[in-house]
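**Q** Based on what follows, work out the 3D shape:
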Amino acid sequence: MNAETKICKQCGGRFEITADEKALYEKIGIPVPGECFKCRMQHLFAFWMFGKFRKGKSSLSGKDLITILPEKTRYPVYTSHEWFSDEWDPMDYGQKYDSNRSFFKQFKELQERVPRPHQTGKNNLSCDWCDDVWDSKNCYLTRAIIGCENLSYSYRNVNVKDSFDVTYCYNTDKSYDITFCFNCHKLKYSLNSRDCLNSSFLFDCRNVQDSFMCWNLRNRQYYFFNEPYSKDEYLKKIKAFNLGSRKIIEELKTKFNEIIRDKAVHRANFNVRSENSIGNYLTNCNRCHNLFHWEDSENCYNSMRGFKTKNCIDLAGSGEAELCGMGAMVFIGGYKTNFSSWTNSCTDSEYLDSCMECRECFGCVGVRKKKNCILNKQYSEEEYKRLKAQIIEDMKLGGEYGEFFPYSLAYGGYNLTTAQIYFPKTKETVISMGGTWDEAEDKTADGISPEKLPDDIADVENGITGQALICPKTGYRFNIASHELSFYKEMNIPLPRLHPDYRNIERFKLLTVIDAYPYKCTFCGADVGAYYLPEWGYKRIACIKCYQKEIA
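**A** From the prediction side, this is the model:
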């Protein structure tokens, strides 16, 4: 069977649906999509808030809360504790289906009456200024973490402790300003390194310690600019730099980026133990195609950021699911759950939002442990099947069935979602797509300009923690927390000049490329597709075979 060529109804570009993709859509029981892969992912990620942390109050109790949800939400917001409690019943908001009106319009009305939790996560202690946080303790201004402790200004980490400015790292501690690093201790200003300690400015290093400004090293100690030294010689080299100076660190970062561009060897992709699979950052995957940041999965297609899925397609930020399609954050036991957002352990259901442990439900919001519900209203099994069939037929006639929720049903402005990180859009474009845009907070000059901060951390006084700083990139105010200042002084790190959200997003952007660009292998000259933007100017790209032979 040949691939089917389609025109994306969102961007107008041409895209193909392969025979294998079409077979999986049929197996799951959903129509072939009308949007191309990028537009699908953009659409799904628009329902994953990145947000800005703010103070607010519970719509139920008036209690103080901290959330990334917008200041002016179109729905009530409860504390997470209240939301999971028995103090309210989502079935109280049930409404009858009106066959004369758009299903999505009715669903939006339901959304706007049913409360949402202020924070995503569970089993945390002292993590109020966090979101999407699980089994963690004493974390601050951090998102998407599991099992972390004393972690601040960080994004998407697992088992990271006593660190700041860490992005997409696992099993790491006492580290600062690192991205995609694993099993590291006291690592600073580094990228894509594993099992490293007491080092700074490492790129693609493995089992390296006490080293500085190095790349593609394996099992080395006391290396400086990729050259070996004795311990005393190495320490003497390091002492020549005042690493507590912001000016010196910025000069070193510039040099480091030049090395990454001109000298370092870059592997074509970061797939590990994955067979018959296409994509990047895949681990233990088999027969997976066009997946990114995905682990332990089989026969999945066109998805980004997930784990432990089987026979799934078009998912974003999902895990432990089977036979699911076109969903955002479909988790833990999801089975045949389609066109849904933020669901846990739901089966044989469609068009759910923030539902848990539901079976055979359609078009529900915030419902838990229910069966045969439509628009939060209970039906008998026979009534449910009849009404569901009618709704699907009506949706097909109106061009709604098979589509994910419209952008207008997202939880906040597109500019404060994960979609804006991967697929940045202007306000005008977002509005034309039917989405919303959260206006930025008022810019203010009421704070300290970075030019007025001491260059050296040794010259910074404790009083800085009581003052507001102004980010020169965003104009937003931010503060230096007391525990943050203590860390900087202990680790000899100069004060940051940029807002922590801006720093996080800039680090993560290195991992967001989902197009394979054509390169020539620096060793064998073979054509290779690699996930690096051409404008980055990387001069040495290696096919996987040569990388494993020459570097790994």
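**Q** what's the distance between the nearest residue to residue 505 once chain neighbours are set aside and residue 415?
**A** The shortest distance from residue 505 to any non-neighbouring residue, by C-beta to C-beta, 6 or more residues apart in numbering, is to residue 421 (5.7 Å). C-betas here are computed from N, CA, C, even on glycine. Here residue 421 is placed at a distance of 10 Å from residue 415 (C-beta to C-beta, to the nearest Å).
**Q** Compare these two and say which is more crowded by neighbours.
**A** residue 415 (19 against 16; other C-beta atoms under 10 Å).
**Q** show me the contacts for that one.
**A** 425, 427, 430, 437-438 (C-beta atoms under 8 Å, 6 or more residues apart in numbering).
**Q** that's a helix at it, yeah?
**A** Yes. Assessed by DSSP: H, G, I helix; E, B strand; the rest coil, residue 415 belongs to a helix.
**Q** Residue 5: neighbouring residues, count only.
**A** Neighbour tally, residue 5, other C-beta under 10 Å: 9.
**Q** Could I get the full set of helices for this structure?
**A** Taking DSSP state H, the helices of the chain run over residues 19-28, 37-45, 80-84, 103-111, 231-239, 246-262, 381-397, 418-422, 427-432, 482-491, 500-508, 544-550.
**Q** any chance of the ones you listed in TSV, plus distance to residue 172 and mean pLDDT?
**A** Formatted as TSV, the helices of the chain follow (distance: least, C-beta to C-beta, whole Å; pLDDT from 0 to 100):
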stretch	distance to residue 172	mean pLDDT
helix 19-28	36	98
helix 37-45	26	98
helix 80-84	27	97
helix 103-111	38	99
helix 231-239	21	98
helix 246-262	19	99
helix 381-397	47	98
helix 418-422	22	98
helix 427-432	36	98
helix 482-491	14	98
helix 500-508	14	97
helix 544-550	24	96
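**Q** Quick check, residue 417 in contact with residue 49.
**A** Yes. Using C-beta atoms under 8 Å, residue 417 is in contact with residue 49, at 5.7 Å.
**Q** Neighbour-wise, which one of the contacts of residue 415 leads?
**A** Result: residue 430 is most packed of the contacts of residue 415 (other C-beta under 10 Å), 20 neighbours.
**Q** Do I have it right that it meets residue 416?
**A** No. Residue 430 is beyond contact range of residue 416, at 11.0 Å (criterion: C-beta under 8 Å).
**Q** one step back: so what's the residue nearest to residue 505 up against?
**A** 45, 50, 505, 508-509, 512.
**Q** Likewise for residue 298?
**A** By C-beta under 8 Å, 6+ apart, the residues touching residue 298 are 285-288, 309-311.
**Q** 10 Å instead, please
**A** For residue 298, the contact set (C-beta atoms under 10 Å, 6 or more residues apart in numbering) comprises 276-277, 284-288, 308-312, 322.
**Q** Show me the domain layout of this protein.
**A** Taking automatic domain parsing as the reference, the chain has its domains at 4-37, 38-114+312-397+414-439, 450-511, 517-550.
**Q** buried set for the first one?
**A** In other words, domain 4-37. Neighbour counts over domain 4-37 (16 or more other C-beta atoms under 10 Å) mark 6, 8, 15, 17, 21, 24-25, 28, 30, 33-37 as buried.
**Q** now stretch 338-347
**A** Within stretch 338-347, judged by 16+ other C-beta under 10 Å, the buried ones are 338-347.
**Q** quick one: terminal-to-terminal distance for that stretch?
**A** Chord length of stretch 338-347, first to last residue, is 9 Å (C-alpha to C-alpha, to the nearest Å).
**Q** Strands of the stretch 251-400 of the chain, start to end?
**A** 266-267, 278-286, 289-298, 301-310, 313-322, 325-338, 341-344, 347-350, 373-374, 377-378 (DSSP state E, counting those that start in this stretch).
**Q** now do the stretch 51-200 of the chain
**A** 54-57, 64-67, 77-78, 116-117, 121-122, 130-134, 142-146, 149-152, 155-167, 170-173, 176-179, 185-191, 197-203.
**Q** any chance of these in a markdown table, plus distance to residue 452, mean neighbour count and mean pLDDT?
**A** Listed next are the strands of the stretch 51-200 of the chain as a markdown table, based on distance: least, C-beta to C-beta, whole Å; neighbours: other C-beta atoms under 10 Å; pLDDT from 0 to 100:
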| stretch | distance to residue 452 | mean neighbour count | mean pLDDT |
| --- | --- | --- | --- |
| strand 54-57 | 27 | 14 | 97 |
| strand 64-67 | 29 | 19 | 98 |
| strand 77-78 | 38 | 22 | 98 |
| strand 116-117 | 40 | 22 | 98 |
| strand 121-122 | 37 | 15 | 92 |
| strand 130-134 | 30 | 22 | 97 |
| strand 142-146 | 28 | 24 | 97 |
| strand 149-152 | 23 | 22 | 99 |
| strand 155-167 | 22 | 24 | 98 |
| strand 170-173 | 33 | 21 | 98 |
| strand 176-179 | 22 | 23 | 99 |
| strand 185-191 | 24 | 23 | 99 |
| strand 197-203 | 27 | 23 | 99 |
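**Q** Out of these, which is closest to residue 360?
**A** Nearest of the strands of the stretch 51-200 of the chain to residue 360, taken as C-beta to C-beta: strand 116-117 at 23.5 Å.
**Q** got the contact list for that closest one?
**A** 59, 65, 67, 69, 73, 75-84, 342, 353-354, 365-366, 411.
**Q** Please repeat the previous calculation with a cut-off of 8 Å.
**A** Outside strand 116-117, the residues within contact range by C-beta under 8 Å, 6+ apart are 69, 73, 75-80, 83-84, 354, 366, 411.
**Q** Out of those, give me the two with the largest separation.
**A** Maximum distance among those (C-beta to C-beta): 18.8 Å, for 73 and 84.
**Q** Between these two, point out the one with more neighbours.
**A** residue 73 (16 against 13).
**Q** quick one, what contacts that one?
**A** Residue 73 neighbours (C-beta under 8 Å, 6+ apart): 116, 411-412.
**Q** so what's it scoring on pLDDT?
**A** For residue 73, the pLDDT comes out at 95.
**Q** Quick check: it vs residue 56, distance?
**A** Residue 73 is 9 Å from residue 56, by C-beta to C-beta.
**Q** again, but for residue 238
**A** For residue 238 relative to residue 56 (C-beta to C-beta), the value is 47 Å.
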